[in-house]
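Colleague: build me a model:
(2 chains)
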Amino acid sequence: MGGRLRIILPLLVLIALAVVFVIGLQHDPRKLPSVLVDKPAPAFSLPALSEGQTVVTPDALKGKVWLMNVFASWCGACVAEHPLLLAIAAKNAVPLVGLAYKDEPADTREWLAQRGNPYTQIAIDRNGLVGIDYGVYGVPETFVIDGAGVIRYKQVGPVDEAFFTEHVAPLLAQEAH
Amino acid sequence: MIAEIGQLLLSLAFAASLVIGLQHLWGLRRVAAPGVDLAAANRILGTTAFLTFVLVAASFGLLATLFMGSDFSVLNVAENSNTLLPLQYKFAATWGSHEGSFLLWNLMLCGWTAAVALASNALAAGYRARVLTLLLVLQAFFLLFLLSSSNPFERLLPAVAEGRDLNPLLQDPFMVIHPPMLYMGYVGFAVAFAFAVAALMEGRLDPTWARWSRPWANAAWSFLTIGILLGSWWAYRELGWGGWWFWDPVENASLMPWLAGTALIHSLAVTDKRDALKSWTILLSLVAFALSLLGTFLVRSGVLTSVHAFATDPKRGIFILSMLMLIVGASLVLYALRTRDIGLGGRFGKVSRESFLLANNVLMSAALGAVMLGTLYPLFAEVLSGRKMSVGPPYFEAVFVPLLLPAAYLMAVAPNLRWKESTLPAVLRPMLLPTLAALLLATAAVLWLGPFKWLTVLGLTGALILAWGTADHARRQLAKLSTNGDSGSLGARAGKLGASYWGMVIAHLGVAAFVAGVSMVKSYEFERDLVMKPAETVQVGSNRITFIGVDQGSGPNYVTQHGVFELTEGEGKVIYLMEPQKRMYQAGRQVMTEAAIDYGMFRDVYVSLGEPVEPKPGEAASDQGWSVRIYVKPFMAWVWIACLMMAIGGGTTLFDRRYRLRRAAAPAADAASASSPAQA
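Modeller: Model prediction:
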């Protein structure tokens, strides 16, 4: 190895690594393409949390764009996304179904009483079986389902400010036509 | 209020490091800056080092207080603790998050800086001032990162009633000790880095540079070894997969600085003793710390996925990357500009202790390159082709073994070589018979244990001759002293050889034990996956395991399914009651396996409890079967003991006489060290 090269080489390696890292940081390694996207939303029928309603099932929502948010009272990140869900609910644009995942109904109720309830209906998935059908591997997750009952997008982790405008509003505009 | 005080203390530490660091970096930019009062500069720098250490330590104490008191108005506490958490884990949760662990990282850095300030009075005043200045500037960088994007004291308003709990995976006694040890190692390389950069700044390598950098590098390396050992053992106990090294990106992130550090401590020995390999040693000092920073970046930026990765935040990633580029880039530019002036140093023959240590450097660097390539390849692939992929153990094992097994053979020979010039026949002739004996012994053992594999034979032979070569060298060193007229007792003669020498002996025997352990466990481990019903017995190797049953239990913050197995040997003598568990943690509803392990010097038996099997119709519920996984791991304990020996060896070198003499005597008395026996 030439003397000059030996001296410069470490610097070159560092620069090459830096370029790859900068590009790599733009990718999210956790963004695993969900196998369920563009597949029909799995059917379920679960007891409802609110009084006056007995079961929650996606069949009743056919023909509408709707959102399903997987949450739990024991989930810290759910607290972070809660204000955004309340904001989405305030728009009154889409039904927002809550899936209370592996949670005690009493805890769920208390949690919602403290923070406000953004959901149009809440399904109790106490043993997490519906969660398995939907491939839930962390709470919170949010599914966007179109009028034909097909899952169009899945948000892993808390929703952010851009969630509604990027993934829900276009679908609403599209279906309105 | 506590949180605000903690943040204030951190800010003060940052301000002090920044102002004093930058002021002196400017003031000391030339070798003999006119009008600089070095004694005064050293006083200010030393005081600042102590002050920042006290400030950051106090801040860390306050964060721990918040965790102990479950103050859920602090975001960090709310997200990583819970009132049900046992006290020791409430404390350990202080470093359970990215923010808290980075505060620990900073505390370690300040601790090392303060230690350097305390123990470097023997250094030339200008050099010491530069080293401390550089460490303070590093502190300022990392404290800035902590305060600006990872504030551990951030408030959560309104406060929540209950915290989200510490990840159950981290609720383990090892959580208390593994991260501190690992960070001590990572951060410790900052000292060798500062020594090297200070030498580059001066544009000349003082012969004392390597001598004074050595104990710091050895200490950091020993801590890192302990940290990696604990992490590996933890994975073995906790994950229930029966493995102890998974080539996970974060494990690799700790292995890379370890490999660079291993090369560094040997290269430093050559530079210290022979004034040779100078630019190599400088480069390795820079690279070892750069790789510690790279590890920090990989774990904390979310650029790679791993079980260890902290919450992803691209902003943090960019910040750490910028810091890494600035620190490492600046030091490498300095290296490129100045290394010519420094030169390679002393010359040596093709066959000499120097050349063998250089070969060791090359092998370690090649292994390091291979690990780095495998770790970053998925990232390269995604950047270049957009495809997701992963690189697994087969790649790492295929490249690692051929690179590092030869190192064991070189190590057996190296201590017998003389510095500067040696002849190979003279050194190899006494090795010939033992090598043959080792080869025969290993072959016989492998034939007896069945399936014959050459790699196992080579591994065991390497371990045997390394152990023999190291022990025999020590014996001859002791004998030489008495033939040279030293009539002292064995202990007195051993003392004459110096702590540095005995450190090497212990560490090299550790490597021999490691090679033997890995060869055995990799060749002869086996596992059984089966469904067992109560009272059923299964034969594994020379042991039998009887499934007694599963009952329910509960811990402070979990409920558990508690299995009981009897391990018997020979004629039904119960030697161990094995109690694997499956715990469900209440706060997060996560299930964790706790394997039961019967440790033995020559084999571990490892049982982990799987899932219950639904009883068939007509069967009583008490007859319910459980899926059970059993592993037998021969010589597993050797791997842990080996790593411990390496770390102890590294630690032993710190007690070498010349470091103690040096502190007592004036720095001018340079000749004393030459009398201690020349050892790598």
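
Colleague: report the closest residue of chain A relative to chain B.
Modeller: A:Gly76 (3.4 Å; CB to the nearest CB). For glycine as for every other residue, the C-beta is placed from the backbone atoms N, C-alpha and C.

Colleague: which residue, other than its chain neighbours, is closest to that residue?
Modeller: The shortest distance from A:Gly76 to any non-neighbouring residue, by CB to CB, 6 or more residues apart in numbering or on different chains, is to B:Arg164 (3.4 Å).

Colleague: residue of the stretch 451-600 of chain B nearest chain A, please.
Modeller: Closest residue of the stretch 451-600 of chain B to chain A, CB to the nearest CB: B:Arg589 (5.2 Å).

Colleague: please enumerate the strands of the chain.
Modeller: All of this refers to chain A. Secondary structure of chain A (DSSP state E): strands located at A:46-47, A:55-56, A:66-71, A:96-101, A:121-125, A:141-145, A:151-156.

Colleague: correction: the question concerned chain B.
Modeller: Under the criterion DSSP E, chain B carries strands at the ranges B:526-532, B:537-540, B:543-554, B:558-569, B:573-578, B:581-585, B:590-594, B:596-598, B:603-612, B:626-634.

Colleague: does the fourth one reach chain A?
Modeller: No - among the residues of strand B:558-569, none lie within reach of chain A under CB under 8 Å from any CB of the partner chain; the closest is 13.6 Å away.

Colleague: of all the residues in the stretch 101-250 of chain B, which ones are close to chain A?
Modeller: B:Val160, B:Gly163, B:Arg164.

Colleague: rerun that using 6 Å as the cut-off
Modeller: Neighbours of chain A within the stretch 101-250 of chain B, by CB under 6 Å from any CB of the partner chain: B:Arg164.

Colleague: return the nearest residue of the stretch 101-250 of chain B with respect to chain A.
Modeller: Counting by CB to the nearest CB, the stretch 101-250 of chain B gets nearest chain A through B:Arg164, at 3.4 Å.

Colleague: okay, B:Val515: pLDDT?
Modeller: You'll see B:Val515 listed with a pLDDT of 96.

Colleague: how many neighbours does B:Asn543 have?
Modeller: Residues near B:Asn543, counting by other CB atoms under 10 Å in any protein chain shown, number 19.

Colleague: show me how chain B divides into domains.
Modeller: The record's domain split for chain B, according to automatic domain parsing, is B:1-167, B:172-414, B:415-524, B:526-614+B:621-638.

Colleague: now render those as CSV, adding distance to A:Glu110.
Modeller: Shown next, in CSV, are the domains of chain B (distance: least, CB to CB, whole Å):
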stretch, distance to A:Glu110
domain B:1-167, 10
domain B:172-414, 27
domain B:415-524, 51
domain B:526-614+B:621-638, 16
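
Colleague: for A:Ile124, which of these is the nearest?
Modeller: Checking the domains of chain B against A:Ile124 by CB to CB gives domain B:526-614+B:621-638 as the closest, at 14.8 Å.

Colleague: average pLDDT across stretch B:487-496?
Modeller: Mean predicted confidence for stretch B:487-496 is 83.

Colleague: and it, how far out from the chain's middle?
Modeller: When C-alpha coordinates are averaged (CA atoms, centre = their mean, to the nearest Å), stretch B:487-496 and its chain have centres 33 Å apart.

Colleague: what does it contact?
Modeller: With contact meaning CB atoms under 6 Å, 6 or more residues apart in numbering or on different chains, stretch B:487-496 is reached by B:Leu478, B:Leu481, B:Asp486.

Colleague: now do residue 173, the pLDDT please.
Modeller: Looking at chain A here, since you left the chain open. 86.

Colleague: chain B, not that one
Modeller: So B:Pro173 comes in at 87 (pLDDT).

Colleague: what about the closest residue to it other than its chain neighbours, how many neighbours?
Modeller: Once flanking residues are discounted, B:Pro173 sits nearest to B:Gln88: 7.6 Å by CB to CB, 6+ apart. When neighbours are defined as other CB under 10 Å, B:Gln88 has 12 of them.

Colleague: how close does B:Met411 sit to B:Ala438?
Modeller: 14 Å (CB to CB, to the nearest Å).

Colleague: over to A:Leu49?
Modeller: Noted for A:Leu49: a distance of 71 Å to B:Ala438, by CB to CB.

Colleague: likewise for B:Leu277?
Modeller: In terms of CB to CB, B:Leu277 sits 30 Å off from B:Ala438.

Colleague: one more: B:Pro425?
Modeller: 20 Å.

Colleague: ok, those two, which is more surrounded?
Modeller: Each of B:Pro425 and B:Ala438 has its neighbours counted (other CB under 10 Å); B:Ala438 has more, 23 against 9.

Colleague: need the per-residue pLDDT for that one.
Modeller: pLDDT recorded at B:Ala438 is 94.

Colleague: of the domains of chain B, which is nearest B:Thr653?
Modeller: That would be domain B:415-524 among the domains of chain B, by CB to CB, at 3.7 Å.

Colleague: what is the end-to-end distance of the closest one?
Modeller: Domain B:415-524 stretches 32 Å from its first residue to its last (CA to CA, to the nearest Å).

Colleague: off-centre distance for that domain?
Modeller: 24 Å.

Colleague: also stretch B:83-97?
Modeller: 23 Å.

Colleague: just the buried residues of it, please?
Modeller: B:Leu84, B:Leu85, B:Tyr89, B:Lys90, B:Phe91, B:Ala92, B:Ala93, B:Thr94, B:Trp95, B:Gly96, B:Ser97 (16 or more other CB atoms under 10 Å in any protein chain shown).

Colleague: got a pLDDT number for A:Val37?
Modeller: 77.
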